[in-house]
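S.K.: My questions are about this predicted structure, shown below with the sequence.
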Amino acid sequence: PLRASLAPVFLVADDDQHMRRFMTWALETNFPGASVVTLSGPARVVATAVEIRPQIIFLDWVFGRGRTGPQVCEEIKKHPLMRRTPVAIMSGLRTDLDSRAKAVGTGAALHLSKPFTVEELTVFTRALLRRSVEAPESALRAGSLRLQRDSRGVWWGAKRLASFPPVLFNLLWLLARHSP
């Protein structure tokens, strides 16, 4: 049965396939109902984030294509719809204090040093979700259906559906909110 909830949506961008699989498994296991969208490089991070409106974005520091996680983080923070979305930068190479400070200086909420445990990821993710500044009723989820009130956005899984007029969107919101 469909049940309205605020199950989180996460965006993970890392060029390491094993890390993407680990993150997907860990986040879906520890946050029931969560959706995890993964990207293997930095090129589509901002566009995908705007499209799916994740609660947290996880970025690798080094992508191997000339762009870095901190650079992508700066781009995310410049976008008006994304500037309040928490970003966590992950790195196995850049773990010194200066690198961690640089990550936070670009707008990241967190620097995770690889390798990290499932427990570390879960604790830090819960903390970022608690600190989220988004109003609790600005997003709603019912099964694969996800609604975003401020943009009247409607998603089925990771796919954004066509725009809905206000009356139809409000009706859909009401039905999703009261689904069993």
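M.R.: The structure has been received and is ready for your questions. Residues are numbered from 1 along each chain as shown.

S.K.: Name the next helix or strand downstream of the worst-scoring helix or strand of the chain on mean pLDDT, please.
M.R.: One helix or strand of the chain scores below all others by mean pLDDT, DSSP states H and E: strand 4-5, with a mean of 44. As assigned by DSSP states H and E, the chain's next helix or strand after strand 4-5 is strand 9-13.

S.K.: Buried residues in the helix or strand following that next one, which are they?
M.R.: Using DSSP H and E, the helix or strand that follows strand 9-13 in sequence is helix 17-30. Of the residues in helix 17-30, 19-20, 22-24, 26-27 count as buried by neighbour count, 16 or more other CB atoms under 10 Å. C-beta: built from backbone N, CA, C; applies to glycine.

S.K.: sec struct for the closest residue to Leu81 other than its chain neighbours, please.
M.R.: Counting by CB to CB, 6 or more residues apart in numbering, Leu81 lies nearest to Val50, which is 5.6 Å off, once chain neighbours are set aside. What DSSP: H, G, I helix; E, B strand; the rest coil gives for Val50 is helix.

S.K.: show me the residues around Val50 that make contact.
M.R.: Counting by CB atoms under 8 Å, 6 or more residues apart in numbering, Val50 touches 79, 81-82.

S.K.: so where do the strands sit in this protein?
M.R.: Here the chain has its strands, by DSSP state E, at 4-5, 9-13, 35-39, 56-60, 87-91, 110-113, 139-142, 145-148, 153-156, 159-160.
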